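Q: Requesting a structural model of the entry that follows:
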Amino acid sequence: MTCKMFCYQCEQTAKGAGCCSIGVCGKTPDVSALQDLLIYALKGLSCLAVKAREKSINTEEADQFILEGLFATVTNVDFNENAIAILIKKTVQLRESLFEKIGEISCTCQNTVRFTLPETIEDMIALGNAHNIIDQAEGNADILSLKNTLLFGIKGIAAYADHARILGEEDNTIYHFIEKALASMLRYNLGVDTWVGLLMECGQANLRAMELLDKAHTDHYGHPIPTKVPLGEKKGHAILISGHDLKDLELLLKQTEGMPINIYTHGEMLPAHGYPELKKYKHFYGHYGTAWQNQHREFAQFPGAILMTTNCIQKPMESYKKNIFTTGLVEFPSVEHIGTNKDFTAVINQALSMPGFTSNIEKDFVMVGFARNAVLGIADKIINAIKQGKIRHFFLVGGCDGAKPGRDYYTKFVEQVPQDCIVLTLACGKFRFFDKKLGDIDGIPRLLDIGQCNDAYSAIQIAITLAKVFNCSVNELPLSLVLSWYEQKAVAILLSLLSLGIKNIRLGPTLPAFISPNVLNVLIDKFSIKTISTPEQDLAGILK
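A: Modelled structure (predicted):
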């Protein structure tokens, strides 16, 4: 069969090898080709940004735009051909502006910075197909594997760094690393050790991006506190907000304050309920639904408007297409997009035109808000419980959720965790077990929701603090990481963990298709990465 496209950046990729005719996410071959062309153009722009800084030329506009361009290509973000074409054109405009300031250059990026952009989308698609991420010029499967692992890692960094930038937190070292990494991908004379080194740099850059985002969130909204979040229904009009962007949530809460509308979170917005400055809005009610891949069923049943703020969107069904809106970088054809003015009037009017929930229905609740401040605030209690043998082990069970079979492993794993152990969780992987009632150990909940995927920073800080208290390394703590991955932010987080020297991570449900067998062997040898097996076998191996 002739491939119409090739994409293998997510875990759900077709047959574990790569999507060839249409993306499992719903991405069309044309969208895939345009995204490939955008990445190709961003490599050239990055190469020029590196050269420009050597001549003390300001690159601020290009720096910020490169984040947006990368973020737009993350899985389940931008499915709109016209929107991606606009990003490509903007890349070329910035490229030409920098090129004029730098003057003539002679380097490996010459072709990338001088290609002529076609005028029509059809011709852009053809050019994108000629610059697929499977770089035929590389000629070495292992180097190509490392290059693309780096590419997917910096896409994850870009997502976190862009969220932080929106809230006013930036660090030029992140921009500089991303651009160095993209420019390096144009070179064919770098060895395995160099690429592995860049992957470790990528992990550290992502750690810094998550640190910035943590600061941005806590400075603006306060440190999360343990909070009970209802899963029921409140009578009245309703808006459901999904994704990760807390700023968009804040703006929506402000614009609906005093109106007969209740705001519900979906997916990775759930942890927002723990932030004091967001909790103060009386109409910020509860949580609806579970993980992103269940939205077709859940959104069809929601009796209000829906706002998608970042990645996680699926092709909307006709039954709710008129009710769903996008903002930020996430776009889908024929779905109304709220631009940079962030005026959510259309969302609000749609919600007011719909019946909303017709009665108050009490259901269950879940707890959120166990980020680093909350957990470390009871560190003495936790340490004493460990010393007294009441807490035997910690399991960080989290990551991305997805529709591909095999993810019930995480549900079964948590159900079988012994009563003297605590489960930490974060990201949307928690929706496999987030409503489980695991009880507590001396008042310490056995299930602690640390937050969104970027709150891996909180989990790392908790582990580092405990290691200092016990005068040991993180690898010597009674802590095991059992992670699920789906898209590129998970790749960046994994690289952050590896860059910190954390070993024995169990990863699933399947390994990345972009990791070659030889590269996998390097990761196994150096970091003792393990694939998940069965909950019973893995628990027995960890607790032996």
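Q: ok now do the residue nearest to Glu277 when sequence neighbours are not counted, which residues does it touch?
A: What sits nearest to Glu277 in space, not counting adjacent residues and going by CB to CB, 6 or more residues apart in numbering, is Tyr221, at 4.1 Å. The way it works is simple: take the backbone N, C-alpha and C, and place the C-beta from them, glycine included. Applying CB atoms under 8 Å, 6 or more residues apart in numbering to Tyr221 gives the contacts 246, 250, 275-278.
Q: do the same with Ile524
A: Lys530.
Q: name the element Ala159 belongs to?
A: Ala159 is part of helix 141-166 when elements are defined by DSSP states H and E.
Q: For Leu240, give the beta-bridge partners.
A: Leu240 has these beta-bridge partners by DSSP bridges: Tyr264, Ile306.
Q: That one - how many residues pack around it?
A: Leu240 is flanked by 27 other residues according to other CB atoms under 10 Å.
Q: shouldn't it be in contact with Pro303?
A: No - when contacts are counted by CB atoms under 8 Å, Leu240 is not listed as touching Pro303 (9.7 Å).
Q: what's the spacing between the residue nearest to Glu277 and Leu246?
A: 6 Å (CB to CB, to the nearest Å).
Q: Show me the helices in the stretch 351-500 of the chain, by range?
A: Under the criterion DSSP state H, counting those that start in this stretch, the stretch 351-500 of the chain contains helices at 372-376, 379-387, 408-416, 456-469, 488-499.
Q: can you tell me which of those helices comes nearest to Asp36?
A: Judged by CB to CB, the one of those that comes nearest to Asp36 is helix 488-499, at 14.7 Å.
Q: who's in contact with Ile166?
A: Residues in contact with Ile166, defined by CB under 8 Å, 6+ apart, are 245, 247.
Q: any idea how far it is from Ala72?
A: 15 Å.
Q: Spatially central residue for the protein, please.
A: For the chain, the residue nearest the mean C-alpha position is Lys489 (3.7 Å; CA atoms, centre = their mean).
Q: Model confidence for it, exactly?
A: At Lys489, the pLDDT value in this model is 97.
Q: Domain-wise, how is the protein divided?
A: Per the record, the chain has its domains at 14-219, 227-353, 372-542, by automatic domain parsing.
Q: Centre of the chain to the shortest one, how far?
A: It stands for domain 227-353. 18 Å (CA atoms, centre = their mean, to the nearest Å).
Q: Can you say which of the contacts of Tyr221 are buried?
A: 246, 250, 275, 278 (16 or more other CB atoms under 10 Å).
Q: Phe365 reaches Leu270, doesn't it?
A: No - between Phe365 and Leu270 there is no contact, the gap being 11.6 Å when judged by CB under 8 Å.
Q: shared neighbours of the two, anything?
A: With CB under 8 Å, 6+ apart, Phe365 and Leu270 have common neighbours Val229.
Q: Which one's more surrounded, these two?
A: Comparing Phe365 with Leu270 by other CB under 10 Å, the one with more neighbours is Leu270, at 26 against 14.
Q: So that one sits against His287, correct?
A: Yes - if you go by CB under 8 Å, Leu270 and His287 touch, sitting 5.1 Å apart.
Q: Not counting the helix or strand of the chain with the lowest mean pLDDT itself, show me its contacts.
A: Ranked by mean pLDDT, DSSP states H and E, the weakest helix or strand in the chain is helix 110-114, scoring a mean of 77. When contacts are defined by CB under 8 Å, 6+ apart, helix 110-114 is touched by residues 40-41, 43-45, 47-48, 95, 99, 105, 186.
Q: quick one: contacts for Ile383?
A: By CB under 8 Å, 6+ apart, Ile383 lies in contact with 466, 469-470.
Q: likewise Asn172?
A: Asp63.
Q: Give me the nearest residue to Asp408, chain neighbours excluded.
A: Sequence neighbours aside, Arg432 is the residue nearest to Asp408 in space, at 7.1 Å (criterion: CB to CB, 6+ apart).
Q: Contacts only, for that neighbour.
A: 291, 401, 407-408, 410-411, 414 are the contacts of Arg432 under CB under 8 Å, 6+ apart.
Q: try it again with 10 Å
A: When contacts are counted by CB atoms under 10 Å, 6 or more residues apart in numbering, Arg432 touches 290-291, 397-398, 401, 407-414, 425, 484.
Q: same question, Asn384
A: With CB under 10 Å, 6+ apart, Asn384 has these contacts: 378, 390-391, 442.
Q: which stretches of the chain have low pLDDT?
A: 1, 106-108, 110, 137 (pLDDT under 70).
Q: so where's the longest helix in it?
A: In the chain, assigned by DSSP state H, the helix with the most residues is helix 192-221.
Q: Using neighbour counts, pick out the buried residues of that one.
A: So for helix 192-221, counting by 16+ other CB under 10 Å, buried means 195-196, 198-199, 201-203, 205-214, 216-218, 220-221.
Q: next structured bit after that helix?
A: strand 227-230.
Q: buried stuff in that next one?
A: 227, 229-230.
Q: Show me which of the residues you listed is closest to Cys3.
A: Distance ranking of the buried residues of strand 227-230 against Cys3, using CB to CB, places Val229 first at 44.2 Å.
Q: about what we covered before: now tabulate the contacts of Tyr221 in CSV and tack on distance to Phe527 and secondary structure.
A: Putting the contacts of Tyr221 into CSV (distance: CB to CB, whole Å; DSSP: H, G, I helix; E, B strand; the rest coil) gives the following:
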residue, distance to Phe527, secondary structure
Leu246, 32, helix
Glu250, 38, helix
Tyr275, 34, coil
Pro276, 38, helix
Glu277, 38, helix
Leu278, 37, helix
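Q: Quickly name whichever of those residues is closest to Ile154.
A: Among the contacts of Tyr221, Leu246 lies closest to Ile154 (CB to CB), at 22.8 Å.
Q: so that closest one touches Tyr275, yeah?
A: Yes - at 7.2 Å, Leu246 counts as touching Tyr275 under the criterion of CB atoms under 10 Å.
Q: joint contacts of the two?
A: Common neighbours of Leu246 and Tyr275, using CB under 10 Å, 6+ apart, are 217, 220-221.
Q: ok, of those, which one's closest to Asp123?
A: Of all those, Asp123 sits closest to His217, with 42.4 Å by CB to CB.
Q: I'd say that closest one and Gly451 touch.
A: Yes - taking CB under 10 Å as the definition, His217 is a contact partner of Gly451 at 8.8 Å.
Q: Give the residues shared as contacts by those two.
A: 224, 271-272, 275, 371.
Q: Out of those residues, give me the two with the largest separation.
A: For the shared contacts of His217 and Gly451, the farthest-apart pair by CB to CB is Ala272 and Ala371; their separation is 11.8 Å.
Q: which neighbours do these two share?
A: Both Ala272 and Ala371 are contacted by 217, 224, 451-452, under the criterion CB under 10 Å, 6+ apart.
Q: rewinding a little: and the contacts of helix 110-114, which of them are buried?
A: Those of these that meet the buried threshold are 40-41, 43-45, 47-48, 95, 99, 186, by 16+ other CB under 10 Å.
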